[in-house]
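Trainee: Got a sequence here, can you model it:
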Amino acid sequence: MKTNDYQKQANDFATKHGVKLQILGSERKSMWDEQQSRTVFRVKLSRKGKSYTFEFGQSIAAGNEDPTMYDILTCLTKYDPESFDNFCSEYGYDTDSRKAEKTYKAVCKEFEAVDRLFGDVIDELAEIQ
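Mentor: I've put the predicted structure just below:
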């Protein structure tokens, strides 16, 4: 697929399912214990009277460019992380790590929001590549 084909796939999904993306603001800061800062956007996805607002860290290469629908939809957690032990095993975390537990809780929270917003079409959302 060419880059614009990826964008089209995400935009078609958004149109078909009435997904709206709003960029609420941005700031430069570091994420994930990085040394380098990046543009972090506050974004809101809305669908069927429900919404999910979260931070999206733009790639350093993209600089201050606004994220696209493709950028946002592909970064979402689309699979239930299940148990903490399963999560650690799947992603190589140490089960004794407080950082792993914090990450796990954040992923669970995101998945709950994504499932609430896209539960009826989550399999189709997961197909966006």
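Trainee: so where do the strands sit in this protein?
Mentor: Ranges of strands within the chain are 20-29, 38-47, 50-57, based on DSSP state E.
Trainee: So what's the gap between the first one and the chain middle?
Mentor: Think strand 20-29. 13 Å (Cα atoms, centre = their mean, to the nearest Å).
Trainee: List of residues touching that strand?
Mentor: Contacting residues not belonging to strand 20-29 are listed as 14, 37-47, 53, 64, 66-67, 69, 72 [Cβ atoms under 8 Å, 6 or more residues apart in numbering]. Using the backbone N, CA and C atoms, a C-beta is placed for each residue, glycine as well.
Trainee: what's the most buried one of the strands of the chain?
Mentor: Using mean count of other Cβ atoms under 10 Å, the stretch among the strands of the chain with the largest mean neighbour count is strand 38-47, at a mean of 18.
Trainee: which other helices and strands contact it?
Mentor: strand 20-29, strand 50-57, helix 98-118 (3 or more Cβ pairs under 8 Å, 6 or more residues apart in numbering; DSSP states H and E).
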